[in-house]
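Participant: Mind looking at a prediction? Sequence and model below.
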Amino acid sequence: MTRTSDLVALDEWYAVAFTAEIPKGSSETTTLLGQNLTIHRGWDGAFQCVLSEGASETPPLLKERYGFVWVSLGRPSHDIVAIPEFEQSGRRFIHRGRIGVPSSGQRVIENFFDLSHFSFVHTGTLGGYDSAEVPKYSVEYRENDRELWAVGCSFVQPKASAAAGGASTIYYDYRIPSPFISIIYKDSLVKVGKKDLIGLFVQPHDEESCTVHSFALVHDEQNSPTHILHFYHEIFAQDRSILLHQRPKKLPVHPRREIPTISDASSIAYRRWLDRSGLQFGLDRTSN
Ligand SMILES: [Fe+2]
């Protein structure tokens with residue numbers, strides 16, 4: 001495995017571990033952008049990242065945030081994505097674990113905010129056959145093009161969350177603040193006017209494999225964490241089975257390879273946004 005030289009990819013921040021899963025005085029090896037790493041946790045609880053090869057090099061940048069260990073192998077000009085809801089009270093934090101996917105990180109992100117698959121992949125929970133149509137929504141580029149949003153999304157969902165009692169129309173927005181991060185802000189079924197967050201922090205091991213670290217910040221005092229986790233794992237297992245079969249594993253971004261349907265507006269926007277970002281890693285830039 002060789003480390004990528006793609007500066008756009010190197011200058012991002014990536015979640016590589018969940019802090020509570022690394023006991024003091026232990027270490028964990030992993031891979032990021034083709035580079036083998038070791039995450040050490042000292043007896044004082046502090047984390048350190050060391051390159052497994054090239055020990056003489058300056059160690060990668062490391063920060064702890066939102067319960068995760070974040071690493072950048074480059075010189076990022078921006079901080080880790082700001083998610084102010086982590087500082088707010090009222091929601092429960094659910095660590096949804098980490099799941100390996102043998103595909104590019106961008107395939108995972110694109111699938112996460114693809115509305116058109118709900119009825120066929122998540123039948124009975126996030127969608128149903130009798131309401132498969134995707135209502136119109138819009139895409140916006142924000143923060144000087146650093147963030148992509150799909151806003152005003154809605155969908156009739158038979159069981160939108162572990163707390164859902166029955167079918168309802170759910171309203172939500174998707175935020176993609178990095179090529180490898182997506183957060184959904186979804187209507188709470190428990191607290192009217194409040195949003196639940198579900199987020200994916202993708203750690204690309206190489207161009208065609210990744211680990212998805214994910215969390216939920218939800219208004220749900222009724223269900224046990226295990227019950228909530230089971231709901232999410234069922235959903236993700238369905239997504240994973242789709243991702244396993246997508247070819248090419250890298251995400252095509254050439255305009256000639258777009259899928260021209262209305263419901264895929266978010267996918268087209270994501271691919272165009274990635275294309276002009278200059279990112280190479282994990283993308284298939286061929287025209288056919
Ligand atoms: Fe899905």
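Facilitator: Cool, got the structure.
Participant: distance of A46 from H40?
Facilitator: Per Cβ to Cβ, to the nearest Å, A46 is found 9 Å from H40. Any C-beta I mention is one placed from the backbone N, CA and C, and that applies to glycine too.
Participant: Who has more neighbours out of those two?
Facilitator: H40 (15 against 11; other Cβ atoms under 10 Å).
Participant: per-residue confidence at that one?
Facilitator: Looking at H40, its pLDDT is 96.
Participant: Backbone dihedrals for it, please?
Facilitator: Note on H40: its backbone torsions stand at phi -100, psi 140 [degrees, to the nearest 10].
Participant: so it makes contact with P59?
Facilitator: No: counting by Cβ atoms under 8 Å, H40 does not reach P59; the two are 10.1 Å apart.
Participant: what residues do those two have in common as contacts?
Facilitator: Residues touching both H40 and P59 (Cβ atoms under 8 Å, 6 or more residues apart in numbering) are Q48, C49, V50.
Participant: List just the nearest of those to A237.
Facilitator: Nearest to A237 among the shared contacts of H40 and P59, counting by Cβ to Cβ, is C49 at 30.6 Å.
Participant: tell me which residues in the helix or strand where that closest one lies are buried?
Facilitator: Element membership for C49 (DSSP states H and E) is strand 47-51. By 16 or more other Cβ atoms under 10 Å, the buried positions in strand 47-51 come out as F47, C49, V50, L51.
Participant: So in that sheet, which strands flank whichever helix or strand comes after it, and in what orientation?
Facilitator: Next in sequence after strand 47-51, counting helices and strands by DSSP H and E, comes strand 61-65. Using DSSP bridges, strand 61-65 pairs in its sheet with strand 68-72 (antiparallel).
Participant: Show me the contact partners of the partner strand.
Facilitator: 10-19, 22, 32, 37, 39, 47, 49, 60-64, 80, 201, 213.
Participant: Strands of the stretch 151-288 of the chain, start to end?
Facilitator: Applying DSSP state E, counting those that start in this stretch to the stretch 151-288 of the chain gives strands spanning 168-178, 181-187, 195-206, 209-218, 251-252, 283-284.
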